[in-house]
Structure formats: structure tokens, C-alpha cells
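Engineer: Sequence first, predicted model second:
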Amino acid sequence: MKKKYVSFLGVMFMVLGGTIGAGIFFKNETILDNTGSILLAMLSWVIAIFAVFCISMTFSDIIKKSGWDNSLGYVGWIKKFCGTGLYKGFRNFMFWIFLPGMTFILPYYSIMSFQDALSIFTGSRCVIPWYAVMLISVVILIYFQYMAVINKNVSIKQNFILSYIKFLPILFAIFGGIFYFAYTGHPQNPVLNVASDNGAPFNLIKFSPAFGVIAAIPAIFFAFDGFYTASGVYSDMKEPKKFSSALCWGIALTAIIYVLISIGMLLGVKTGAITGWISVLSTTPGKVLLFIILFCISCSVIAILNAWTIYNGEFYRDVIRTDSNKFNNWVKSKVNINDKKQWALFLTLFQLITFCAFSIVGVFFYSGIRTNVYYDNVSRCIYAFCDLIADWCALLSFVGIGIVILFAVIQKINTSKKYMFYSITAISLTGIAALFEVVLASSNLISSIIFQVDNPSTNPESYLIPYICEFVVLLIFLGVCFTPMIKQKIAKRFNLR
């Protein structure tokens, strides 16, 4: 009989470890840009946290009723509940977009934070040119992905060491803003500003505060993405009936920490980003402290990358081994996936190719969004594209989770009123956020085309090209997720093979 070794607290801390990362430090600025005020930013947090709470409550019941596929994550539930078409779509999304997206954005986010740290002493001068940023990111990716496969024990030890570093910037973010507010008697950002239009000639966000609140939700989802990985230890719990409570308490504790971080950063700096402290901590000791904080954030991003590269090795191996298609069959004919060296070389090369593909899009097509003076123009484009990929990867993951919940409701996994309330709320909030992002991307594209036609002398890189790229990326994301299901339904309707 298998020994049960996971406790109530073990599940709670797995939730904390799977969710609390450095993403919170990069997303507050986006949330504040969309909402335009501290009050509305907090409202966005409340709505998103409530959505995640409802999802966690629903998932705990689903796990009790139907078990858990630990190797595929939530994609395993899609396979169980939603049919072959949706499973293939979201499997391909994880395979070709989500996991490559994580290994694309995290090295860049780490270098961006380190670049911010250096800028404390160099002023507004760009200290790392874009080609050096890309080269360093490539080296980081190659090392961590290869090591995660070739020697997982080393990667686990690295993760253990790097994960502890994140607590210093968390404490600073919480108490720094609170102490600033207590000392000065006012926050750095005390007024309700008009929401940013994000550079678009016409943008829905600036027409209603409600739109800004909805637009901020995907950024918050990114901060919570990964909480559901704790469900994999359900079968190993000493008292499985307490899993639901442990999951919810873990989400609640994570939410409290996130809200405190957000409040501290919104009170302490005008932009909501931790780099805003540069103008506040102007003395030499203050600069040294902030340098250490930003360096720790850079390391904590590396910790998240390290964790994802470990997961990559297991996910890709399981999918290639069990699912039959042209690419998987070609890989199995060329690579021995059970040989560590061969598998490590293949997976590292695969991640490197997808990293370069994402980078090319960011360099040549996505421009005119970020304005931070500490980066050169190309680096700003790459970092802005990282923001887009991060938000949409998280959003589509939560859409996949919402689909699982929808099909679980249809199949009457649980018919209690409480379960139905949580399920309908989770489906509604994730659906509204996803639908609004589609509408927002479409309106940005249409308004940019109209603006360019009316103002032909305007450089298209300022508005048109970035929003064309944004819309195309959205279509690719949606196409990968839902095309297999559509093809399956068409084939069934017209009796096609």
C-alpha cells in the first residue's frame, strides 16, 4: 500500500510555492496603467482573486470525483472531460506556445530586472544593449533546460536556494510602501488618474473604468498561474478530505500576500512598479538596498524558470511518448527519449528554436509600447512582447480551466448549490476576461488602421504594426487551442475522415 505523506500544511505551501513568484513585481504597473487608480487596481485584484478562489473550490470537488492526471496538468482534465478535439488543441497550446512562452519571457524578465538594478547607478543610460540581452538570455535558457534533464537533483537544489531569495523583495515591497505612507502621510500615487490608453488612437479602456478593471484581470491571472499544480498530491494526502480546505487556505494566503505587495507598491511608487523606488531612495545606502532588491528579483525569476524547465522535461516526454502525430513520431525515430543526454540535447534545442522565433517577432514586429528609458528601443519591444505573451498564456490557461469546469457541470460531477455557484462564477469571470481581450485587440487593430489611413505621415511602427502583431498573435493562440475541435466537428458533420 502506497504511503501517504502529504499533510494539510504541505498542500498549502505547495500552492504558495507554485504561485508566488516574481510576476507580481512586473504586473502592478500594467494593472495600474489599465485601471488608472489605486482603488480600481484593488478592485481588479478582488475580482481576480475571487475568480481563482471559485476555481480552486470547483477543482477540489472535481479531483474528489474523478482523480487527477499529474503528468499533463489541467490538460489531463480536458482529456478526461472535454473530448479529443479540445484535448488536442490545449495539448498543442501547452506544447507549442505556453511552455515555450514561459522559457521565452522568464530569461528576459530576469535580465530586465538586473538591468533595472544597474540603472540605479548609471542613470538613464542604457547599460546592456539588446543583442547582449538576447545572448545572455540564450545562455541562461540553455544552461537551465539542459541541467533540468541531465541532472534533475542539481536543478532541485538550485530551485531550493533561489526560491528563498524571493522573500527579501516580497518583504520590501510590502513594508516599503506602508512605511513611506506612514512617514509622509500620503501615497506616491494619491489621485484617481484617467486610465492609460496604452498608445492606441482609440482604446476601450479609457472610455470606462469598468473596462480598465476587466483588462487588468489577465495580468493578475499570470501572478496566480500554477496554483492548480498542487492538485497533483491529492492522492498522496494523509487526509484527502481536507484537500479542499488546504487548497483554499493556500489560495487565501497567497491572495493576502499579493494584495499586501500590491498595496505596498502602489502606495510607495507612482507607477506601481518596484523600479519607481529609484526616485525615492536617492541616497547611497538607499541605492545599494534597491540594487540588492532588484538583483534578488532577477534571481527569483531564474528560480521560476528553473522550475518550469524541470516540468518541461516531464511534460514533453509524456506527450511525445503517448500521443501519435507526425512530429512526435519523427522525434521518436530520431531521439531516444529515455536517454538523458539525447533527450536533454533535443529539448534544449527545441526550446532554443522557439525562443528565437518569439524573439524575432518581438524585435521586428512589436514596437512602440514600452517607454522605459533604461532600455534601448529593441529591448523595449522585446520586453513589451514578453508582457503580451505572459498575459495571454495565463489567460488561455484559465480559459482551459474554465472549459474543464463547464464540461464538469454539464456532466453533473456535482449538483450541489454551492458547487454550482462556484462553477458558474468561475466560468463567467474567466469568460468575460477572455472575451474582453478579444474585443480589445480587435478594436485596437481597427482603430489603428483608421488612424493610419487618416494620418498617412504617421510612422506605422508607432501604432499599426504593433497592433497587427498583437491581433495575429491572438489568432494564433485561439487557432491552436480550438482548431482541432472545429475540424473534428466539421468532419463528424459531413462524415469526413
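Structural biologist: On my side now, so go ahead.
Engineer: Please identify the buried residues of stretch 299-308?
Structural biologist: Judged by neighbour count using 16 or more other CB atoms under 10 Å, the buried positions of stretch 299-308 are Cys299, Ser300, Val301, Ile302, Ala303, Ile304, Leu305, Asn306, Ala307, Trp308. Glycine gets a C-beta too; all of them are placed from N, C-alpha and C.
Engineer: Nearest to Gln488 among those?
Structural biologist: Each of those was scored against Gln488 by CB to CB, and Trp308 proved nearest at 30.0 Å.
Engineer: if we can go back for a sec, for the buried residues of stretch 299-308, could you give me CSV that also reports distance to Cys54 and secondary structure?
Structural biologist: Converted to CSV, the buried residues of stretch 299-308 look like this (distance: CB to CB, whole Å; DSSP: H, G, I helix; E, B strand; the rest coil):
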residue, distance to Cys54, secondary structure
Cys299, 33, helix
Ser300, 28, helix
Val301, 29, helix
Ile302, 32, helix
Ala303, 29, helix
Ile304, 25, helix
Leu305, 30, helix
Asn306, 31, helix
Ala307, 26, helix
Trp308, 26, helix
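Engineer: So which elements touch the worst-scoring helix or strand of the chain on mean pLDDT?
Structural biologist: Lowest mean confidence among the helices and strands of the chain (mean pLDDT, DSSP states H and E): helix 8-19, at a mean of 72. Using 3 or more CB pairs under 8 Å, 6 or more residues apart in numbering; DSSP states H and E as the contact criterion, the secondary-structure elements in contact with helix 8-19 are helix 243-268.
Engineer: same for the helix it packs on, what does it pack against?
Structural biologist: If contacts are counted by 3+ CB pairs under 8 Å, 6+ apart, helix 243-268 sits against helix 8-19, helix 23-35, helix 38-66, helix 167-184, helix 209-224.
Engineer: Dump those helices to CSV, plus mean neighbour count and distance to Gly402.
Structural biologist: Below are the helices and strands packed on helix 243-268 laid out as CSV (neighbours: other CB atoms under 10 Å; distance: least, CB to CB, whole Å):
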stretch, mean neighbour count, distance to Gly402
helix 8-19, 19, 18
helix 23-35, 26, 20
helix 38-66, 20, 8
helix 167-184, 18, 29
helix 209-224, 25, 11
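Engineer: To Thr425, which of those lies closest?
Structural biologist: Comparison of the helices and strands packed on helix 243-268 against Thr425 by CB to CB identifies helix 38-66 as nearest, at 4.5 Å.
Engineer: Now do the least confident helix or strand of the chain and helix 38-66, the angle between them.
Structural biologist: Here helix 8-19 points in a direction 130 degrees away from that of helix 38-66 (axes from the mean of the first three to the mean of the last three CA atoms, to 10 degrees).
Engineer: just to revisit the earlier point, redo the helices and strands packed on helix 243-268 as TSV? Include distance to Asn455.
Structural biologist: Compiled in TSV, the helices and strands packed on helix 243-268 are given as follows (distance: least, CB to CB, whole Å):
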stretch	distance to Asn455
helix 8-19	44
helix 23-35	24
helix 38-66	31
helix 167-184	41
helix 209-224	25
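Engineer: mind checking which of these is nearest Ile278?
Structural biologist: Using CB to CB and comparing the helices and strands packed on helix 243-268, the one that lies nearest Ile278 is helix 167-184, at 12.6 Å.
Engineer: per-residue confidence for the closest residue to Phe221 other than its chain neighbours?
Structural biologist: Of all residues not flanking Phe221 in the chain, Ala394 sits nearest, at 4.4 Å (CB to CB, 6 or more residues apart in numbering). You'll see Ala394 listed with a pLDDT of 85.
Engineer: from here on, count from 55
Structural biologist: New numbering, starting at 55: the last item is Ala448.
Engineer: now the strand or helix carrying Ala448 against helix 92-120, angle please.
Structural biologist: Under the criterion DSSP states H and E, the helix or strand holding Ala448 is helix 431-464. Between the axes of helix 431-464 and helix 92-120, defined by the same axes, to 10 degrees, the angle is 50 degrees.
Engineer: Tell me the buried residues in helix 431-464?
Structural biologist: Of the residues in helix 431-464, those buried under the neighbour-count criterion (16+ other CB under 10 Å) are 432-463.
Engineer: And for stretch 339-347?
Structural biologist: Lys341, Leu343, Leu344, Phe345, Ile347.
Engineer: what's it in contact with?
Structural biologist: Ala171, Ile174, Phe175, Leu222, Pro223, Phe226, Ile328, Trp331, Ile332, Val334, Leu335 (CB atoms under 8 Å, 6 or more residues apart in numbering).
Engineer: and which of the buried residues of stretch 339-347 is nearest Tyr517?
Structural biologist: Minimum distance to Tyr517 across the buried residues of stretch 339-347 is 34.3 Å, recorded for Leu344 (CB to CB).
Engineer: which residues sit in contact with the closest residue to that closest one other than its chain neighbours?
Structural biologist: When the adjacent residues along the chain are set aside, Leu344 lies closest to Leu335, with 5.0 Å between them (CB to CB, 6+ apart). For Leu335, the contacting residues are Lys341, Leu343, Leu344, by CB under 8 Å, 6+ apart.
Engineer: So for Leu399, which of the helices and strands packed on helix 297-322 sits nearest?
Structural biologist: Using CB to CB as the criterion, the shortest distance between Leu399 and the helices and strands packed on helix 297-322 is 28.4 Å, found for helix 62-73.
Engineer: now that closest one and helix 297-322, what's the angle there?
Structural biologist: Relative orientation of helix 62-73 and helix 297-322, computed by the same axes, to 10 degrees: 40 degrees.
Engineer: Look up the closest residue to the most centrally placed residue in the chain, ignoring the ones flanking it.
Structural biologist: The centroid of the chain falls nearest to Phe276 when counting by CA atoms, centre = their mean (3.3 Å). If the residues on either side of it in the chain are set aside, Phe276 comes closest to Ala448, at 3.8 Å by CB to CB, 6+ apart.
Engineer: What residues sit buried inside the helix or strand harbouring Phe475?
Structural biologist: Under the assignment given by DSSP H and E, the secondary-structure element containing Phe475 is helix 471-508. Buried residues in helix 471-508, counting neighbours by 16+ other CB under 10 Å, are found at 473, 476-477, 479-481, 483-484, 487-488, 490-491, 494-495, 497-499, 501-503, 505-506.
Engineer: Asn549 versus Phe79, what's the distance?
Structural biologist: Separation of Phe79 from Asn549 (CB to CB, to the nearest Å) stands at 54 Å.
Engineer: Ok, Ile464 next?
Structural biologist: If you measure Ile464 against Asn549 using CB to CB, the figure is 25 Å.
Engineer: For the residue nearest to Leu344, which three-state class applies?
Structural biologist: Put simply, Leu335 is coil when judged by DSSP: H, G, I helix; E, B strand; the rest coil.
Engineer: Below-threshold pLDDT in the stretch 355-504 of the chain: ranges please.
Structural biologist: Low-confidence segments of the stretch 355-504 of the chain, defined by pLDDT under 70, are located at 421-428.
Engineer: Sorry, wrong one. I was asking about the stretch 205-354 of the chain.
Structural biologist: Within the stretch 205-354 of the chain, the ranges that satisfy pLDDT under 70 run 240-256, 280, 282-290, 324-326.
Engineer: quick revisit: distance to Val203 added to the buried residues of stretch 353-362, as a markdown table?
Structural biologist: Compiled in a markdown table, those are given as follows (distance: CB to CB, whole Å):
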| residue | distance to Val203 |
| --- | --- |
| Cys353 | 22 |
| Ser354 | 23 |
| Val355 | 21 |
| Ile356 | 17 |
| Ala357 | 18 |
| Ile358 | 18 |
| Leu359 | 14 |
| Asn360 | 12 |
| Ala361 | 14 |
| Trp362 | 13 |
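Engineer: Fine by me, thanks again.
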